[in-house]
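Trainee: Fold the following.
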Amino acid sequence: MPTRNPVRYNSGTTLNYSISKNQLSFGINNVDYGPTSQTKWYANSNLYGYLIVSDSYSQGVTSEQNSYPIFWGNTASTISGITSVINGLPARYGQPEFTDIETAIAWLEGEFIYGIQNRTYENIATSGLTLLYDAGATLSYPTLGNTIYDLGSSNVNGTLQNSPTFVNSEGGYIDLNATSSQYISFIDLGTLSNFTVGCWFKLNQEISGGTYPTLVTNTFAGGSNINFALGQLPSWDGKISGGFFDTTWRKTDGFVPVVGQWYYVVLTYDGAHLRLYKDGILFSEVATSGSAISSGLGGYIGRRWDNPEYIDGGVAITQIYNRAISYLEVYQNMSAQAARYSVPIPPIPVFGTSDVMLLDNTTNYIYKYDFSTNEITYLFSAATTSLASQITTTDSKIFISESNGTINQYSYTPIPFAATYETSYTFTSGSTKGMTAINNNTLLITNDKTYTYNLSADTIDLLFSFSGGSSFAGVAYDNTTQQLALNYTGSGVNYVSIFGYSGNPISSISYQPYSGGTYPELINSAKGVFTYNNKVYVITTNFYIYEVDFNNLIIYTPTQPTNLTTETVSSSSSISVYNSWTNPSPYFYY
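Mentor: Presented below is the predicted three-dimensional model:
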């Protein structure tokens, strides 16, 4: 059903919850419109076709206070219908009628007082929105010409280079042909020390090997910086990633887009972390202390920062903010505009009751594993100074140990998931080959021995030593029965045993071939033990997950997450240490 879109004369200023053009603001969210004397916002007539908006101030009203929007429109749903609306404007009274849309739009845009609307704009985040190009909104691109108009706060219009094509379908987009060297250029925005760059795009063909075209970038000349870049960045891997250059590239990991598929990709930088989002969901992040500084040379859309290398595909929307927008704002933008491109809206990221956390200690990335879907999902990147070793959680805290004995504490919220670093501790009794949280203040840590670590008192107590001198590789703990599930090695074998808190073994199972089955993965690469739904599981370096049945002394056939190949990990041995815990803690019945 058609909706109303409030409009206000803005004197060239930036108003909250709006996009703007030619001293007109178009409200998109939280705008209470009414009479001019109260708010200066007015609701236009229902938007059925194309609507041209101006304001009475530019039409001869001498008092800015009394200026209000004026609307002209029709029910035309085709581009050609714009011409008849333009011919009907008061400023065209007594003038020859335009017979072609090109001349009509050229006149209208040259007046700098009008805006053509073809849609009520979606509810995106607007605070700090420095630049907004939207080929599917006629306010920004009036269906033709070589100018795309900025609906953000900077009024930095873009120039279409070498005549790319406007496609009035799939939400409306500019089609860039790499062979014809087509791209969009814009003048410099100044240094954005913190920033967000977002883009709706699809590829018409894969990125050519060894080339580095970008979706959006600050322009570069030898010796300068690159404030932001979103696209194929060095070294070549065919992926879309994001980052900036300050004598060295600082960038996130990326993903390989499927040709012909629409994506919403967003890069944020808050001065400490680069984060890449794909379709509203955090995909990868990296901690960096670099300085994002503009080259002062402007920017490109669809072209490399320096050399003539180009994206071959469609670009619909480009957003640049002067701040790092939040996870929820990225998700808000994705949800608001996904319907234009028939892209499904993913569920909001949560860490649920059916999830456990996994650690990739080659990247220090943290993932969740969902038993109900058998899938992994990237959550966040651990800010560590050395190689991460173990991870454990409670219902509000995450603890990540490092090879140098440091244990980092994070707080987190599960819905939507967000983790915040809080403080660090130092474990002084050897390595942390196994670690689990008894509560927010007490950790259970194993190496050749088993310890409790009281964090607030900074005291470490020895529980017991394993008589065979074996090295524990993972531990889980049940608060109710005070029993431990330990994954440990010795003499070429691996075991999982249930121990009492004092160290008395209750039952164990060997990873050696048992009951005619062979499990070579467990001999060489079993690195973590965890519990879920009253069962004990072991996970290997390449994500094979084994269920251990103590009652029947059976190790069940393993499974792998079904989406390994689409995540930033793979089924290789690059994953080396895991340990996780679910809350509330499950119970052992052995």
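Trainee: mind listing the helices for the stretch 301-450 of the chain?
Mentor: Assigned by DSSP state H, counting those that start in this stretch, the stretch 301-450 of the chain shows helices spanning 327-337.
Trainee: With Asn87 as the reference, measure out to the residue lying farthest from the centre of the chain.
Mentor: For the chain, the largest distance from the centre (C-alpha atoms, centre = their mean) belongs to Gly94, which lies 53.9 Å off. Distance, Gly94 to Asn87, by C-beta to C-beta, to the nearest Å: 12 Å. Where you see a C-beta, it was placed from the backbone N, CA and C, and this is true even at glycine.
Trainee: what do you get for Glu102?
Mentor: 14 Å.
Trainee: Looking at these two now, which is surrounded by more residues?
Mentor: Comparing Glu102 with Asn87 by other C-beta atoms under 10 Å, the one with more neighbours is Asn87, at 15 against 12.
Trainee: residues contacting the more buried one?
Mentor: 97-98, 104 (C-beta atoms under 8 Å, 6 or more residues apart in numbering).
Trainee: run the last query once more with 6 Å
Mentor: By C-beta atoms under 6 Å, 6 or more residues apart in numbering, the residues touching Asn87 are 97-98.
Trainee: Please apply the same query to Ile320.
Mentor: If you count contacts by C-beta under 6 Å, 6+ apart, then Ile320 has 130-131, 197 around it.
Trainee: Keep only those of those that are in strands.
Mentor: Among those, DSSP state E puts 130-131, 197 in strands.
Trainee: Nearest to Ala272 among these?
Mentor: Nearest to Ala272 out of the ones in strands among the contacts of Ile320 is Val197 (C-beta to C-beta; 17.2 Å).
Trainee: Surely the closest one touches Thr268?
Mentor: No: with contact defined as C-beta atoms under 6 Å, Val197 does not count as touching Thr268 (8.1 Å).
Trainee: Name the residues contacting each of those two.
Mentor: Common contacts of Val197 and Thr268 (C-beta under 6 Å, 6+ apart): none found.
Trainee: so what are the domain limits for this protein?
Mentor: Using automatic domain parsing, the domain ranges for the chain come out as 6-117, 129-341, 355-566.
Trainee: so which of the ones you listed comes closest to Pro347?
Mentor: Counting by C-beta to C-beta, Pro347 lies closest to domain 129-341 out of the domains of the chain; the figure is 8.9 Å.
Trainee: how long is the closest one end to end?
Mentor: This stretch, domain 129-341, spans 22 Å end to end (C-alpha to C-alpha, to the nearest Å).
Trainee: looking at the domains of the chain, which is buried most?
Mentor: A comparison of these by mean neighbour count, using mean count of other C-beta atoms under 10 Å, puts domain 129-341 on top with a mean of 20.
Trainee: In what element of secondary structure is the spatially most central residue of the chain found?
Mentor: Geometric centre of the chain, nearest residue: Tyr277, 1.8 Å, by C-alpha atoms, centre = their mean. Element membership of Tyr277, judged by DSSP states H and E, is strand 273-278.
Trainee: Show the subsequent helix or strand relative to that strand.
Mentor: Note on strand 273-278: by DSSP H and E, the next helix or strand toward the C-terminus is strand 281-287.
Trainee: And that next one, what does it pack against?
Mentor: Packed against strand 281-287 by the contact rule (3 or more C-beta pairs under 6 Å, 6 or more residues apart in numbering; DSSP states H and E) you find strand 273-278.
Trainee: Now do the SS call for the residue farthest from the centre of the chain.
Mentor: Of the three states, Gly94 takes coil under DSSP: H, G, I helix; E, B strand; the rest coil.
Trainee: next one: phi and psi at it?
Mentor: Phi and psi for Gly94, reported as degrees, to the nearest 10, are phi 80, psi 0.
Trainee: what about the stretch 51-200 of the chain, any weak spots by pLDDT?
Mentor: Flagging of the stretch 51-200 of the chain using pLDDT under 70 yields the residue ranges 64-66, 74-77.
Trainee: Now with 90, please.
Mentor: Within the stretch 51-200 of the chain, the stretches with pLDDT under 90 are 51-85, 88, 90, 115-121, 169-171.
Trainee: can you check the stretch 201-350 of the chain too?
Mentor: Applying pLDDT under 90 to the stretch 201-350 of the chain picks out residues 208-210, 221-224, 235-237, 253, 272, 281-290, 327-328, 346-350.
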